[in-house]
Every structure is written in C-alpha cells, then in structure tokens.
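> model the structure of this input:
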Amino acid sequence: MDTKFFATYQTESRKTWNAIPMVHPIVYPTMGLVNEAGEVAGKVKKIFRDRNGHITATDRATLKDELGDVLWYLTQICTELDLTLEEVAEANLTKLFSRLERGKIKGDGDNR
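Have a look, this model is predicted:
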C-alpha cells in the first residue's frame, strides 16, 4: 500500500464533508443513548470474552445500572418527539407480530 494513501484519503474525503449544525434538544439524548448502549455492549462483550458468558450477580447489577441509563436517554428522546414509551412499545410489538405472522421475523431491512 502506498505510504501516502491515508494522507491522500484524508484530503480527498474532506471534499465530501459538510458542517451540519446540530443545535436541537434531541441531539444530546441521542448521543447519550448511543454512548450508554455502547457501554452495555462493552460489558457484555467482556463477560463472553473473559468468562465464557458466565453472568455474575455483580454483572447483573452493573448491567441494570447501564440499562437504566439507556432507558433514561430513550425516555428523553421520546419526550422531545412528543411520544410516550407506551406508544413506542405498542408500535414495536405491532411491527414484530406483523413480521412474525408473515414469516419475516428474520432477515434484513426495515420494511420486511
């Protein structure tokens, strides 16, 4: 590989970049949700990497705390969108049961 490949990539890729202002109340909780979900995923990864998937009481307590943070950020996003957690959950079950009935529970794509 050309030793200047990444320097060229960095220069060329910048041509496709735009500064997008994100001053909106939904931005902070969305970033928080992604961060907290990543923390949950990291802790689960380590449980499987380090202990072959053995989940201890301490792991459960830690994951419960992190999942609470996920829930908090999700709730804030719903509030900013004027959605209730109930209507989000109901819509999700409707979507999932529709997929199940049509034999589309597995696979890719939002509109399956």
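
> now do the residue positioned nearest the centre of the chain, the pLDDT please.
Nearest to the mean C-alpha position of the chain, by CA atoms, centre = their mean, lies V34 at 4.8 Å. Listed pLDDT for V34 reads 98.

> tell me the mean pLDDT for stretch 40-48?
98.

> scratch that, stretch 13-25 is what I was asking about
94.

> buried residues in it?
By neighbour count on 16 or more other CB atoms under 10 Å, the buried set for stretch 13-25 is empty. In short, each C-beta sits where N, CA and C put it, glycine included.

> element containing the nearest residue to V88 once chain neighbours are set aside, please.
Spatial nearest neighbour of V88, excluding adjacent residues (CB to CB, 6 or more residues apart in numbering): C78 at 6.0 Å. Taking DSSP states H and E as the criterion, C78 maps to helix 57-80.

> for the helix or strand that that helix is followed by, enumerate the helices and strands it packs against.
Elements were assigned by DSSP H and E; along the chain past helix 57-80, the next helix or strand is helix 85-101. Judged by 3 or more CB pairs under 8 Å, 6 or more residues apart in numbering; DSSP states H and E, helix 85-101 is in contact with helix 57-80.

> let's see the helix it packs on as CSV, backbone CA atoms only.
Extracted C-alpha coordinates of helix 57-80, given in CSV (Å, rounded to 0.1, in the frame of the first residue of the first chain):
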residue,chain,number,x,y,z
ALA,A,57,-24.7,-11.1,40.3
THR,A,58,-22.3,-8.1,40.0
ASP,A,59,-22.6,-8.2,36.2
ARG,A,60,-26.4,-8.2,36.5
ALA,A,61,-26.3,-5.2,38.9
THR,A,62,-23.8,-3.3,36.6
LEU,A,63,-25.9,-4.1,33.5
LYS,A,64,-29.1,-3.0,35.3
ASP,A,65,-27.5,0.4,36.1
GLU,A,66,-26.3,0.8,32.5
LEU,A,67,-29.7,-0.3,31.1
GLY,A,68,-31.3,2.3,33.4
ASP,A,69,-29.1,4.9,31.7
VAL,A,70,-30.2,3.6,28.3
LEU,A,71,-33.8,3.9,29.4
TRP,A,72,-33.3,7.5,30.7
TYR,A,73,-31.9,8.7,27.4
LEU,A,74,-34.6,6.8,25.4
THR,A,75,-37.2,8.4,27.5
GLN,A,76,-35.8,11.9,26.9
ILE,A,77,-35.8,11.3,23.1
CYS,A,78,-39.4,10.2,23.3
THR,A,79,-40.3,13.2,25.3
GLU,A,80,-38.6,15.6,22.7
